[in-house]
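[1] Just a sequence and a predicted model for now, questions to come.
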Amino acid sequence: MSEVLSQQEIDNLLAALSTGELDANDMQETQEKQVKDYDFKRPVKFSKEHLRTLEIIFEHYGRLLSTNLPVYLRKNVQISVTSSETVTFSEFSNALSNPVILSIVNFAPLSGNIIMELSLNVGFAIIDRMLGGQGNALERPREFSEIEMAILEKILIVCMQLLREPWKNVIEINPVLDRIETNPQFAQIIAPSDMIAIVTLNIRIGEVDGLMNICLPYFTLESIMDNLNTKFWYSTMQENPDENYQEHLESLVKRVNVPLRAILGTSSISVNDFMNLQIGDIIRLDSEVGSDLTVYVGNIKKFTAVPGSSKEKYAVQVTSVLGEEE
């Protein structure tokens, strides 16, 4: 919008023209504006702000994967966001190999699906690790067997369920795995000309590197596009209390296995007696028959208990809980 001059500014400008301080030809020269071509076949539906917010969401998602996948794979997993871009769906599908690992995920309550593509070398490394191997990838890609697909589906469901927490600052989602496709021709979820956002994660499992591409169609995210900005994302995150995060940590800690030992008693014998022990020999302990046993959780004395049996197995019944001062 042009600037509106006051009457005094107009008088000063006319005075400068009459005295020669200002040349009228110089005033007519205007700087040429840079014109950018707009491709109507590739409309810009994802702004840089949208892509940055998606990167933040999937950075959080990558940290969750790095924490949860080692529980199943018993291997160090490192995940980071490498890039985000917007392309047409045809460009994405044409770049896929065959075979390929494509998880079609129903992004409820949003209408439409998203696609999670996992590179073949990472997929075969996961299968090899789940079957007791070292987690090595195949030199030559091949089709997956039914057993391998069942194993892979279990891990992909875990990856899909972990999407809930990173997205909760934007919308509460309930993702459901619709199907897994190994042929890209059977994964046409939207029109080829529709725009999508692709967030690429780099996955390192042991010594195997690969990529995970998350395909997010504009059609699926259209109803929440106004929420995909960093200002809304951070404001929502600040409103949420830390109790949810604390509950999540507690749920993870509760699933950790800890060693439990009940000590019947102790005794000291010579090395010679130890080497000459035979079946039927008796070792005298320092505890009485009717006294409580000490139960250790790890290396911490935590309970006292009495011995017994349960379903034809040895067991103990807790009689007291020891405090830190004890």
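    Yep, it's here.

[2] residues making contact with stretch 57-65?
    Residues from elsewhere that reach stretch 57-65 (Cβ atoms under 8 Å, 6 or more residues apart in numbering): 77, 79-81, 159, 162-163, 165-167, 169-170, 199, 201, 203, 214, 233. C-beta: built from backbone N, CA, C; applies to glycine.

[3] Which members of these are positioned in helices?
    159, 165-167, 233 (DSSP state H).

[4] care to break the protein down by domain?
    48-254, 260-321 (automatic domain parsing).

[5] Take those and lay them out in a markdown table including mean neighbour count, mean pLDDT and distance to Thr19.
    Shown next, in a markdown table, are the domains of the chain (neighbours: other Cβ atoms under 10 Å; pLDDT from 0 to 100; distance: least, Cβ to Cβ, whole Å):
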| stretch | mean neighbour count | mean pLDDT | distance to Thr19 |
| --- | --- | --- | --- |
| domain 48-254 | 16 | 83 | 49 |
| domain 260-321 | 11 | 85 | 93 |
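
[6] Let's have the ones you listed in a markdown table, adding distance to Asn12.
    Shown next, in a markdown table, are those (distance: least, Cβ to Cβ, whole Å):
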| stretch | distance to Asn12 |
| --- | --- |
| domain 48-254 | 42 |
| domain 260-321 | 86 |
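
[7] and the residue nearest the centre of the chain, backbone torsions?
    For the chain, Tyr61 is the residue whose C-alpha lies nearest the centre (Cα atoms, centre = their mean; 2.6 Å). Tyr61 adopts backbone torsions of phi -60, psi -40, taken as degrees, to the nearest 10.

[8] Looking at the domains of the chain, which is nearest to Ile10?
    For Ile10, the closest of those is domain 48-254, at 41.3 Å, according to Cβ to Cβ.

[9] Please name every helix or strand in contact with whichever strand or helix holds Glu117.
    Assigned by DSSP states H and E, Glu117 falls within strand 113-118. Contacts defined by 3 or more Cβ pairs under 8 Å, 6 or more residues apart in numbering; DSSP states H and E place strand 113-118 against strand 101-106, helix 146-161, strand 208-217.

[10] quick check, nearest of the ones in helices among the contacts of stretch 57-65 to Pro184?
    For the ones in helices among the contacts of stretch 57-65, the minimum distance to Pro184 (Cβ to Cβ) is 19.4 Å, reached by Cys159.

[11] what's the helix or strand for the nearest residue to that closest one once chain neighbours are set aside?
    Nearest residue to Cys159, sequence neighbours excluded (Cβ to Cβ, 6 or more residues apart in numbering): Leu65, at 6.4 Å. When elements are assigned from DSSP H and E, Leu65 belongs to helix 48-73.

[12] Any figure for the gap between the residue nearest to Cys159 and Ile205?
    Per Cβ to Cβ, to the nearest Å, Leu65 is found 10 Å from Ile205.

[13] can you list residues touching both of the two?
    Counting by Cβ under 8 Å, 6+ apart, the shared contacts of Leu65 and Ile205 are Val77.

[14] out of the domains of the chain, nearest to Ser6?
    Using Cβ to Cβ, the nearest of those to Ser6 is domain 48-254, at 37.0 Å.

[15] end to end, how far does the closest one reach?
    Separation of the first and last residues of domain 48-254 by Cα to Cα, to the nearest Å is 40 Å.

[16] tell me the phi and psi of the closest residue to Asn227 other than its chain neighbours?
    With sequence-adjacent residues excluded and distances taken as Cβ to Cβ, 6+ apart, Asn227 is closest to Val170, at 4.9 Å. For Val170, the backbone dihedrals (degrees, to the nearest 10) come out as phi -100, psi -50.

[17] wait, Val170 sits on Met225?
    No - here Val170 lies out of contact with Met225, judged by Cβ atoms under 8 Å, at a distance of 10.2 Å.

[18] Ser18 and Phe144, how far apart?
    86 Å.

[19] same deal with Arg255?
    29 Å.

[20] before we move on, what about Thr200?
    In this view, Thr200 and Phe144 are 22 Å apart by Cβ to Cβ.

[21] next one: Asn272
    Distance, Asn272 to Phe144, by Cβ to Cβ: 61 Å.

[22] Setting the sequence-adjacent residues aside, check what's closest to Lys212.
    Wrong residue type there; residue 212 is Met, not Lys. Excluding its sequence neighbours, the residue lying closest to Met212 (Cβ to Cβ, 6+ apart) is Leu201, at 4.4 Å.
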